[in-house]
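Participant: Build me a structure from this.
(one chain, ligands or ions: 1)
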Amino acid sequence: MLARILSAARRNNPQLGITGALVCRQDLYLQLIEGPADAIDALYARICEDDRHANVELLLSEVATERLFPNWAMLDDEAPSLFWSAADVAAGALEAASPEELLAPFIRLSAANPGG
Ligand SMILES: Cc1cc2nc3c(=O)[nH]c(=O)nc-3n(C[C@H](O)[C@H](O)[C@H](O)COP(=O)(O)O)c2cc1C
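Facilitator: The predicted model follows:
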């Protein structure tokens, strides 16, 4: 399933000017999408309708001056060092996280992929 999601992302995102990263774990997908606001809004609406997942939540939306993943249509990470355990996530840790805490795993992932 992840392979199919990534292949759609890699096919569609370049022409939309979208880059980002998708952290995949058994209990969650945590995705960072960057690009022009209207392209992001349209993609987000499409992702929300995708029945391969449930309970889509927008955790953070902000204007950025630089991309974290300029060379990745969608970088994927299946062995992320997320701070939150599955129990934390179920208990609402992501909703309670600050913007800095939400971005931290992506900043680490970006740093671990130089040229990314
Ligand atoms: C967690 C998740 C992340 C996704 N990320 C993207 C993405 O970055 N780009 C994309 O085009 N589709 C993404 N999709 C798939 C879309 O929901 C949708 O199936 C796809 O855009 C349809 O494209 P197609 O008509 O070219 O097959 C994602 C789906 C899920 C479940």
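Participant: neighbouring contacts of stretch 85-93?
Facilitator: Here stretch 85-93 makes contact (C-beta atoms under 8 Å, 6 or more residues apart in numbering) with 25-28, 84. Quick note: C-beta positions are derived from backbone N, CA and C, even for glycine.
Participant: Buried residues, that stretch. List them.
Facilitator: Within stretch 85-93, the residues that qualify as buried by neighbour count (16 or more other C-beta atoms under 10 Å) are Val89.
Participant: Distance across it, terminal residue to terminal residue?
Facilitator: One end of stretch 85-93 sits 9 Å from the other (C-alpha to C-alpha, to the nearest Å).
Participant: List the buried residues of stretch 1-13.
Facilitator: Using 16+ other C-beta under 10 Å as the test for burial, stretch 1-13 gives 5-6, 9, 13.
Participant: Arg10 touches Met74, doesn't it?
Facilitator: Yes - taking contacts as C-beta atoms under 8 Å, Arg10 lies within contact range of Met74: 6.0 Å.
Participant: before we move on, back to that, from the buried residues of stretch 1-13, which land in strands?
Facilitator: Filtering the buried residues of stretch 1-13 for membership in strands, criterion DSSP state E, returns an empty set.
Participant: Noted, bye for now.
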